[in-house]
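**Student:** Just to be clear, the model below is a prediction. Sequence and coordinates:
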Amino acid sequence: MKGLARIFSALVMIAFLGLGAAWFYFAPAPLPPNLPPIIGTADRIIVEKSARRMVLMQNDKVLREYRIALGFSPQGDKERQGDGRTPEGVFAIDRRNDRSAYHLSLGLDYPQPEDRARAKAAGYDPGGDIMIHGQPNALADDVVLRGDWTAGCIAVSNAEMREIWAATDARTVVEVRP
């Protein structure tokens, strides 16, 4: 009988820990503070990977800062497809997709010619489809995945992505720093 009680206790503990982990990873996003709307268009986006921060800039002034998620293996520059890294360097937004698998997406012009040349010389694919995007469409609008979970993209909450989408256009410069 004691053995059954221990097994039951262990199962209850596992279920409790599982629910806690699920809440941590799929909890609704905290409500953003009431910030004034962004007026005009951002001319530069700065991504600081180590700080998990993205900043929208306009004429060298900060418009807004966001907490971000990166690729599942964020240390270092992207080298090849599937490495889970977010590329570092200066890019530009070269496409906008309002029907992506994630809530809106802004594509970066990665890989650059030097990335393609390096990958070709080494005999591998440099990867591509690096985006700034919201959360997976399968999730509720107010849910934000925690941690670094993308394949190399830069992710924000859906509400933040709507704001970024409205404040950028094609050719906005994106600088990704280590």
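**Tutor:** Yep, that arrived. Numbering: from 1, shown residues only.
**Student:** Name the residues that touch stretch 100-117?
**Tutor:** Outside of stretch 100-117, the residues within contact range by Cβ atoms under 8 Å, 6 or more residues apart in numbering are 78, 87, 89, 91-98, 119, 126-137, 141, 153, 155, 158, 161-162, 164-165, 168, 172, 174. Bear in mind the C-beta positions are built from the backbone N, C-alpha and C, glycine included.
**Student:** For PyMOL, write the selection for the buried entries among those residues.
**Tutor:** Here is the PyMOL command that picks out the buried ones among the contacts of stretch 100-117, judged by 16 or more other Cβ atoms under 10 Å:
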select buried, resi 78+87+89+91+93+119+126+127+128+130+131+132+133+134+135+136+153+155+158+161+164+165+168+172+174
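**Student:** and the contacts of stretch 100-117, which of them are in helices?
**Tutor:** Counted as lying in helices by DSSP state H, out of the contacts of stretch 100-117, are 119, 158, 161-162, 164-165.
**Student:** related to what we said a few turns ago, next, check the contacts of stretch 100-117 against the strands and list the overlap.
**Tutor:** Members of the contacts of stretch 100-117 lying in strands (criterion: DSSP state E): 89, 91-97, 131-133, 155, 174.
**Student:** From the centroid of this protein, which residue is nearest?
**Tutor:** By Cα atoms, centre = their mean, the chain has its centre lying nearest to residue 155, at 1.8 Å.
**Student:** Can you tell me, leaving aside adjacent residues, what's nearest to that one?
**Tutor:** What sits nearest to residue 155 in space, not counting adjacent residues and going by Cβ to Cβ, 6 or more residues apart in numbering, is residue 69, at 4.3 Å.
**Student:** What's the local residue count around that neighbour?
**Tutor:** 21 (other Cβ atoms under 10 Å).
**Student:** Report the contact partners of it.
**Tutor:** Here residue 69 is in contact with 52, 145-150, 154-156 (Cβ under 8 Å, 6+ apart).
**Student:** mind running it again at 10 Å?
**Tutor:** Taking Cβ atoms under 10 Å, 6 or more residues apart in numbering as the criterion, residue 69 is in contact with 52, 86, 135, 144-150, 153-157.
**Student:** pLDDT below threshold where in the protein?
**Tutor:** Scanning the chain for pLDDT under 70 picks out 1-33.
**Student:** picking that back up, roughly how far apart are the residue nearest to residue 155 and residue 40?
**Tutor:** 27 Å (Cβ to Cβ, to the nearest Å).
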